[in-house]
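Trainee: Fold the following.
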Amino acid sequence: MRTAVLICPGRGTYGKAELDSLARHFPDAGLLAQFDAARTALGQETLNALDTAATYSMARHTRGDNASALIYACTLGDAMSLKDLDIVAVLHQRSHGVDHLKPAHRCQRAAAGKGGIPAH
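Mentor: Numbers count the residues shown, from 1 in each chain. Below you'll find the predicted structure:
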């Protein structure tokens with residue numbers, strides 16, 4: 001098995017072209033349902049409702065609590081879809097431009113459903 005460092009480049013976007021991407025590509029429907037349950041409990045719109053919307057809305061999809069959750073879920077889904085790689089560390093960039101290297105075992109909590117989607 002090959003080893004790799006997973007690089008997550010800070011802020012991304014969830015734009016019109018990404019509509020329905022979680023429904024089509026997220027590798028763990030149960031985990032996505034857990035995220036939706038947590039958002040519902042907080043009175044927030046579910047990721048499923050946002051992702052499968054008939055149209056993209058700047059006001060709805062780019063609002064901080066929705067955009068950050070959509071971006072996080074898409075990134076997590078991409079990372080979970082990596083096969084035949086031993087991820088040994090995760091490098092991510094925060095919005096203030098400082099890079100952080102974390103051991104992979106700390107990031108596995110999110111992939112195991114023990115993390116959560118931040119609501120800002």
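Trainee: and the longest helix along the chain, average pLDDT?
Mentor: With secondary structure taken from DSSP state H, the chain has its longest helix at helix 64-80. Taken as a whole, helix 64-80 has a mean pLDDT of 90.
Trainee: what about the helices in the protein?
Mentor: Counting by DSSP H, the chain has these helices, from start to end: 21-25, 29-41, 47-51, 58-61, 64-80, 104-111.
Trainee: lowest confidence element among the helices and strands of the chain?
Mentor: Every helix and strand of the chain was ranked by mean pLDDT, DSSP states H and E. The lowest is helix 104-111, at a mean of 46.
Trainee: picking that back up, tell me the buried residues in the longest helix of the chain?
Mentor: 66-77, 79 (16 or more other Cβ atoms under 10 Å). C-betas here are computed from N, CA, C, even on glycine.
Trainee: Would you format those as a markdown table with distance to E18 included?
Mentor: Shown next, in a markdown table, are those (distance: Cβ to Cβ, whole Å):
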| residue | distance to E18 |
| --- | --- |
| N66 | 12 |
| A67 | 11 |
| S68 | 14 |
| A69 | 13 |
| L70 | 8 |
| I71 | 9 |
| Y72 | 13 |
| A73 | 11 |
| C74 | 7 |
| T75 | 11 |
| L76 | 14 |
| G77 | 11 |
| A79 | 16 |
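Trainee: Looking at these, which one is closest to A38?
Mentor: A69 (9.6 Å; Cβ to Cβ).
Trainee: May I ask you to confirm that that closest one is in contact with N48?
Mentor: No: using Cβ atoms under 8 Å, A69 is not in contact with N48, being 11.3 Å away.
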